[in-house]
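K.L.:
Sequence first, predicted model second:
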Amino acid sequence: MTLLSTSTTAASAVFFCLTMQPIIELQNIVKTYSTPAGDFAALRGINLRVYKGELLGIIGKSGAGKSTLLNMINGVDRATSGEILVRLNAATEERVGQFEESQLSLWRGRTMGVVYQSFQLLPMLTLVENIVLPMDLCGLYDARTSRERAIELLRLVELEDQAQKLPSQISGGQQQRAAIARALANDPPILVADEPTGSLDSVTADTIFELFEHLVSDQSKTIVMVTHDSSLAPRFSRSLTLADGELVSDSENAHSGGLRRVASAQKKVATKPARPKRGTKRGAK
Amino acid sequence: MIRPRWRKVFHDLFDNKARTLLVVFSIAVGVFSIGVISGAYKIIQSDMSVSYAANHPGNIELRLADFNADTLASIRNSAGIADAEGRRVVNFRVRTAANDKWVTLDIVALDDFAQNRVNLLAPVEGASIADKNQILLEKDVLENIKAQVGDPLSIELADGTVKTLLIVGIVQDASTGAGDFLAPSTAYIHMSSMPTLRQPQLYNRALVLVSEGQDDLEHIRIVGADLKSKLEKNGFPVFRTRFSETHKHPLADTVNAVLGILMALGILIVFLSSSLIANTLNALLNQHMRHIGVIKLVGGDNRQVLAMYLVLILAFSVLALAVAVPLGGGGAYGLATFLAGKLGFGLLGYRIVPSALLIQFLVGILVPLLAGLIPVIGGSRVTVLTALSGDSAREGDTRSTGDPASMTRWERVQTQAVIFLARRGIHIPRPFVISLRNTFRRRGRLALTLFTLTMGGAIFIGVFNVRVTLDDYIDSIGQYFRADVTLDFDQPYYIDEVKQFALQVPGVSTVEGWQFAGAELLDEQGAVIDNLNILAPPADSELIKPIISAGRFIKLGDERKLAISEAILNYYPNIQPGDLLPMNINGRVEHWEVVGLFKFVGRDGILAYMPLDYSAQISNMINRSFSFRIVTNPHDRATQDLMAEKLDRYFRDAGFKVRSSQSGLASLDSAAESLDTLVTFLLIMAILTAVVGSMGLAGTMGMNVLERTREIGITRAIGADDRAVMRTVIAEGLVIGMISFALAIVISVPITYLLSWIISVAVFESPLATHFTWQGYLIWLALLLVLSTVASILPARNAARLTIREVLAYE
Amino acid sequence: MSQRVARVTEVRVSKKSAPRVVAKKSSTAQKESSRTSPLRGEKNIIPAEREGPMIETRGIVKIFTNAAGAFTVLKGVDLTIERGEFVSIVGKSGSGKSTLLNMITGIDHPTSGQMIVGGADIYDNLSESARSKWRGRNLGIVFQFFQLLPMLTLLENVMLPMDYADMYEFESRPARAKELLVLVGLEKEASKLPAAVSTGQQQAAAIARALACDPPLLVADEPTGNLDSKSADAIIQVFEKLVAQGKTIVMVTHDPSLTSRTHRNIIISDGELIHEAVSRSMPQLRHRHMLEATKLAKPVTFKKGETILDFNQPVENLYVIVRGNVDVLKKSRGASKPLTQLGPDDFFGDIEILRGGKSIAAVRASEKESVEALALPKADFLRILSESPITKVALDKAVAEKMKNHKPAASKSEE
């Protein structure tokens, strides 16, 4: 079943490549930091197209520049040179560099959910409050809808029972799921994740991955994720390797992907019933 | 559901209780001290005059020869006079069964307590009307004797017989003697008791109310001068006159000046506490960097973040106001009550002073907002990247993302200094180098902390210096009263005779006979301005060492010449030695030459000196005197009291008519006491500033340690045990303390001069020579050592308690 | 199967009957023991012994408890590291490697179990504070983020541990610190603050600091994690130099290019150690499968010359040699002829299990010494392989290779 949906995604990705504009396009992105030892180029001219419905993995060692790259895409950091274009639909094209810091926050809230390795939930707010927060700040939903949406998102990540708990009262995997739910609060079409499984044990990390796969296949989200764990490569619909600030390979997971699917399909049959499908409310203004 | 961002604000309010307490307390201290002082100021300003006026103080007080009801009637009928009361005031020595010592009192006889219209008596306890052979005590009397309503009061008459009156009540007379620190206490009897005391039922004092212009001193003077000349024409010489306005307490100016000083200190405290608030909020925002990053990451913009933190500050303000406004109101009333009690006037009761309330609210809300604005705006503008990477929270300086290519000049100075010292063989242990450099890492915070701590210390030291200055001044005033015992008689005795007797008492070493003349100071038009008390010691007297500020002191052979206190400058600001001064003496207008000016404290008239010889000549009392100054050996207070008693008994037994026998500086005690009150208030304010300063230090140390948790973890990882960690933190606190002490030494000099100038001008109407004392410096040093250690120990202990795992988990 | 350098002991996993620990003392470790203590003044809190293993953990369990419940990070770790070894610890995030490191350094305390470092049980009756003191004198720590104190110059940073531990004469500390900075090539930067030098230099200074009190043991947590590859290489070279001088170094890393340069590589997965023989013999397995294999395998011992597998028998286990050598014999004209000898980390039985059928050769423990091995049941082995296609591919290749070499013998045996 998952096998089916994933390969559909892969197929559709191929289809989009041929027919559609990329949803994110990086044009020759350079990022230079000055250090005592002289300028240090964290990114040396990155060209990248991300298409709708991809689960894109960017793999690299620490120091390769992958977090910097992610921070360029989500507008947290600014490129030294180059352009980042985001096209949510055929009609609009936004340059991330054009926004001011304060506009950027709002834009990011609506366009892109961000997930970090360290979850970054506000410790004093309950899970449901953490998820209402982005809606509260962006003002896209009224108070009642916000709350309903938050509960719905918690249900999506299977945390509805924990809605009233504080982040410290739940496990790391649950916190990361809550962080993903928060990233989805304003129903952004894109999700960017920086080592989302980095702090989790392997079993928990799997569930996060399954959630990502589910979001791509059933919610048509586009996900860009960076990681240092090259063993995860087969699980992406496409994975890139970043080394010393440059993209060294860009490969569709054709061969190795097949192997992984066999393994994961077997395991899922053994351990888990099919995930109940509940769509979130879509189509925010 | 409450919006999550406000939930966060609400949580932040109570999240770190120590921090919340620090902020709330900082705000509250400022609001409280401003509230107390402005409230007390307002209450005293209105109540002092209202309560003073409510007692119908006489505008003119005349002391004259005995007169009867007819004369009183003619006074009442004079032009511009609304009302007048006649009284007889006689000085007696009294005591109760519970007291061994005799105490001098002015006993005031009234015709009719019910008809009392001037200088009203307010009942305090028991009856407010005394019948025949009953007496009412003014409540100040109780400070000198133990007495209760119902006790008999023994009164010693001039011939030594003792009569007894029954104390039936305690009253308060807010008017008589107001404004005179040296005035004797009073007691009240009905005129019908006068025969018991072998006194005639005649008046010797008139209290007069003018019919209009009761608050116009000029007008009162003119009316008084007219009245006086009328009385003297009718054969009633007027010895002294006193004028006062109905709505102005004689001490109003002094009290206002004192409150003004306290107000200045209050504003300073607000200022200091605001820097404390700024410091704490700065740290709070640093600690919240990550939260701000998350909020901005999920869609919050600058304005939303700014609003959240402004609301947080407002919430701190509200908490502080909730605490400080009621306390401040109570404190204001307490301070006012205390001052009112000291100065002998009543308050109209507890109330909320709207203007003080307004000031409190303004201070409580605006000061934190202003203090917090810069850190909050800075915090709200931080970028997500900086916020989430936690750079600025960790290091504080601006090199977080910029280029750390080279060290700052300051860092180079620091490192070079250590190298320089090392070359000369002075090696500083590295843990102490850490303390030293940590001290200077957050320079903004350090500056604010040093500012509060230094100002607190400088004021603390300054107050001690001012106290010594005042004490010194009182001491030097004592030079005018160097006699150990003053013996006054009801009739003049030959000086040699008294000397002979006195020297037979063991312990007596010197005896001098002094004379006294009352006079009135006239203005250029010949109107009475003030009373002039002229003392006449022997020209070569050893019992007076005046502080001459211009010209010279009296000498033998001076005729119609006097040395006069600086208070004369109030009326004749340009007077110089050699000038002639118009005065009314012994019923005649004369012009005396001023030979010199000297410094003196005292408000009841102006003091002057002339040589005994000339006084004897004009009073026709050659070689005789009413008053004798006696020097005993030794000079301590106990001996003086003992000798006063001894001499009193000795002379009475020998048949002398002793009026009073007072030990040395008894009369100065009350003056010193009221100065002590003033100093106490200053000290309280100084301690408040010191408290704010040390709170600042504690807060700073807490924040420093909190921000350096990671570094403390590193030191533990490389081998620092609990003691090493604590030593490093405490050393930093001590370094800050010692820097502030050095600064306080410097700053305390101008502050001392300023404070002593303001206070001496307010109280004595002339600046005093400022003195310094090591006391304040030493006490502050000791206090600072303790405070710095205590302020560091708590954070240091917390730091030592953290396990390294927790610390490095900060990563 | 390449590293057989000065390897000394083996790793045991709890819940198993503990096999005998065999220790070979390396010559460097003995040199180490002659180190004289420069300690001044007061006595060391725990006298560090100069004999015996450097680190010995006995059944270390660590359970973190939070509101979400208890979570066991270390599930009974037994590990012995000898003096003079250069050991890397590898594991995925969340595997417990940092926690294990924190146990060794005395930064965290175990829920149960013993941690003996330099002969001293560091969690037995020792306060956090005393442990800090002990740590300062007996081990150096190198962190991923360098953790130099920013307000001290590099030289001062290096002197600091000597101040805390009160080792070496006060006046001689600057000279010693300078020497250490020379050792790591930082003599020119001595009076600079950490922020003024590159990250690689900061890490070098951190190593100099870790060496300040001349501890026998150095513990490094991802020391090259934040460095570019050139700086990382320089750091590892320093480590190698130190090991040559007799230091023991334990390093956590996830960089495979570094693990190849250490004497031993210990893999930790989900709080348990993987048997080194397993990880070395089948490196392609995912950690999870290695752990499974470690748990399912039974340790077996064979006497000198004992026959482990005879010809033409059903093969029920995969054998991984832990210690000792075995001779593989083929039947040649009715007689057994030695075909090859297998040593530690080699395995046998794979051909038969993968290809089916009975044993194609006999295996016998060598005459010199007894053999210790792990026996992994056939079914478990096959299941693990099915979940790890990469390993299967690799093994298939290896089997094909072996078969090519020994075809004649094999075919004969089948006859």
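P.N.:
Arrived safely.
K.L.:
C-alpha from now on. contacts and neighbour counts both.
P.N.:
Fine.
K.L.:
List the contacts of B:M703.
P.N.:
B:T280, B:A283 (CA atoms under 8 Å, 6 or more residues apart in numbering or on different chains).
K.L.:
mind running it again at 10 Å?
P.N.:
Taking CA atoms under 10 Å, 6 or more residues apart in numbering or on different chains, we find B:M703 in contact with B:R19, B:N279, B:T280, B:N282, B:A283, B:L284, B:N286, B:Q287, B:R445, B:L697, B:T709, B:P795.
K.L.:
Which of those sits closest to B:A744?
P.N.:
Within the contacts of B:M703, the smallest distance to B:A744 is 14.8 Å, found for B:L697 (CA to CA).
K.L.:
Distance check, that closest one against B:V691.
P.N.:
10 Å (CA to CA, to the nearest Å).
K.L.:
Identify the contacts common to the two.
P.N.:
B:T452, B:L453, B:L787.
K.L.:
circling back: can you lay out the contacts of B:M703 as TSV showing neighbour count, secondary structure and distance to chain C?
P.N.:
Below are the contacts of B:M703 laid out as TSV (neighbours: other CA atoms under 10 Å in any protein chain shown; DSSP: H, G, I helix; E, B strand; the rest coil; distance: CA to the nearest CA, whole Å):
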residue	neighbour count	secondary structure	distance to chain C
B:R19	19	helix	26
B:N279	25	helix	21
B:T280	26	helix	23
B:N282	23	helix	21
B:A283	24	helix	19
B:L284	20	helix	22
B:N286	25	helix	18
B:Q287	18	helix	19
B:R445	24	helix	17
B:L697	28	helix	21
B:T709	22	helix	12
B:P795	23	helix	16
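K.L.:
Does chain A have contacts with stretch B:15-28?
P.N.:
Yes. Stretch B:15-28 lies within reach of chain A by CA under 10 Å from any CA of the partner chain, at B:D15.
K.L.:
buried set for that stretch?
P.N.:
Using 16 or more other CA atoms under 10 Å in any protein chain shown as the test for burial, stretch B:15-28 gives B:R19, B:T20, B:L21, B:L22, B:V23, B:V24, B:F25, B:S26, B:I27, B:A28.
K.L.:
Please work out the average pLDDT along that stretch.
P.N.:
Mean pLDDT, stretch B:15-28: 85.
K.L.:
Put the alpha carbons of that stretch into CSV.
P.N.:
Output of stretch B:15-28 as CSV, limited to C-alpha atoms (Å, rounded to 0.1, in the frame of the first residue of the first chain):
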residue,chain,number,x,y,z
ASP,B,15,8.5,31.2,35.0
ASN,B,16,11.6,32.4,36.8
LYS,B,17,10.5,33.5,40.2
ALA,B,18,13.8,34.9,41.3
ARG,B,19,13.9,37.1,38.2
THR,B,20,10.3,38.2,38.5
LEU,B,21,10.9,39.1,42.1
LEU,B,22,14.0,41.0,41.2
VAL,B,23,12.2,43.0,38.5
VAL,B,24,9.1,43.6,40.6
PHE,B,25,11.1,44.5,43.6
SER,B,26,13.2,46.9,41.6
ILE,B,27,10.2,48.7,40.3
ALA,B,28,8.5,48.5,43.7
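K.L.:
Show me the shaky parts of chain C.
P.N.:
Chain C contains residues with pLDDT under 70 at C:1-50, C:66-69, C:93, C:405-415.
K.L.:
can you pull the contacts of residue 159?
P.N.:
I'll assume chain A. A:L127, A:V128, A:I151, A:E152, A:L153, A:K165, A:I170, A:Q174, A:Q175, A:R177, A:A178, A:A181.
K.L.:
nope, chain C
P.N.:
C:M159 neighbours (CA under 10 Å, 6+ apart): B:429-431, C:152-153, C:170, C:172-178, C:180, C:208-209, C:212-213.
K.L.:
wait, isn't C:Y168 in contact with C:C213?
P.N.:
Yes. Judged on CA atoms under 10 Å, C:Y168 makes contact with C:C213 at a distance of 8.2 Å.
K.L.:
out of the two, which sits in the busier spot?
P.N.:
Neighbours per residue (other CA atoms under 10 Å in any protein chain shown) separate C:Y168 from C:C213, with C:C213 holding more: 32 against 18.
K.L.:
sec struct for the residue in the stretch 151-300 of chain B positioned nearest to chain A, please.
P.N.:
Per CA to the nearest CA, B:G299 is where the stretch 151-300 of chain B lies closest to chain A, at 4.3 Å. Counting by DSSP: H, G, I helix; E, B strand; the rest coil, the backbone at B:G299 sits in coil.
K.L.:
ok, now which ones touch it?
P.N.:
B:G299 touches A:102-113, A:133-139, A:186, counting by CA under 10 Å, 6+ apart.
K.L.:
how does it look with 6 Å?
P.N.:
The contact partners of B:G299, by CA atoms under 6 Å, 6 or more residues apart in numbering or on different chains, come to A:S105, A:L106, A:G109, A:P134, A:L137, A:C138.
K.L.:
what about B:A356, how many neighbours?
P.N.:
Residues lying near B:A356 (other CA under 10 Å) number 24.
K.L.:
Which residue ranges of the stretch 151-300 of chain B form helices?
P.N.:
B:217-233, B:252-287, B:289-297 (DSSP state H, counting those that start in this stretch).
K.L.:
Include mean pLDDT when you put those helices into a markdown table, please.
P.N.:
As requested, the helices of the stretch 151-300 of chain B are exported to a markdown table (pLDDT from 0 to 100):
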| stretch | mean pLDDT |
| --- | --- |
| helix B:217-233 | 85 |
| helix B:252-287 | 82 |
| helix B:289-297 | 86 |
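K.L.:
Can you tell me which of those helices is packed in deepest?
P.N.:
helix B:289-297 (a mean of 25; mean count of other CA atoms under 10 Å in any protein chain shown).
K.L.:
Just the residues contacting it, thanks.
P.N.:
A:S105, B:V384, B:A387, B:L388.
K.L.:
and what of stretch B:551-571?
P.N.:
B:539, B:577, B:592-600, B:607-610.
K.L.:
Quick check: closest non-adjacent residue to residue 184.
P.N.:
You didn't say which chain, so I picked chain A. In space, and not counting its chain neighbours, A:L184 is closest to A:G113: 5.8 Å by CA to CA, 6 or more residues apart in numbering or on different chains.
K.L.:
Chain C is the one I meant
P.N.:
C:V184's closest residue in space is C:A204 (CA to CA, 6+ apart), at 5.8 Å.
K.L.:
Can you tell me how far the one you found is from chain B?
P.N.:
In this view, C:A204 and chain B are 16 Å apart by CA to the nearest CA, to the nearest Å.
K.L.:
repeat for C:E306
P.N.:
50 Å.
K.L.:
same check, this time on A:D229
P.N.:
A:D229 is 21 Å from chain B, by CA to the nearest CA.
K.L.:
what's near enough to touch that residue?
P.N.:
Applying CA under 6 Å, 6+ apart, no residues contact A:D229.
K.L.:
next one: phi and psi at it?
P.N.:
Main-chain torsions, A:D229, degrees, to the nearest 10: phi -90, psi 100.
K.L.:
Do you know the pLDDT at it?
P.N.:
Reading off the model, A:D229 has pLDDT 80.
K.L.:
Could you do B:V208 as well?
P.N.:
90.
K.L.:
That one - nearest residue in space that isn't next to it in sequence?
P.N.:
B:A84 (4.3 Å).
K.L.:
was I right about that neighbour contacting B:Y203?
P.N.:
No. In this structure, B:A84 is not within contact of B:Y203 by CA atoms under 6 Å, at 11.9 Å.
K.L.:
quick one, helices of the stretch 101-250 of chain A?
P.N.:
So, for the stretch 101-250 of chain A - with DSSP H, counting those that start in this stretch - the helices run A:101-111, A:127-138, A:143-156, A:172-183, A:202-219.
K.L.:
go on, the stretch 101-250 of chain C?
P.N.:
C:128-138, C:154-165, C:173-183, C:199-210, C:229-244.
K.L.:
most tightly surrounded among those?
P.N.:
By mean count of other CA under 10 Å, these have helix C:154-165 as the most buried, with a mean of 28.
K.L.:
No more questions from me, cheers.
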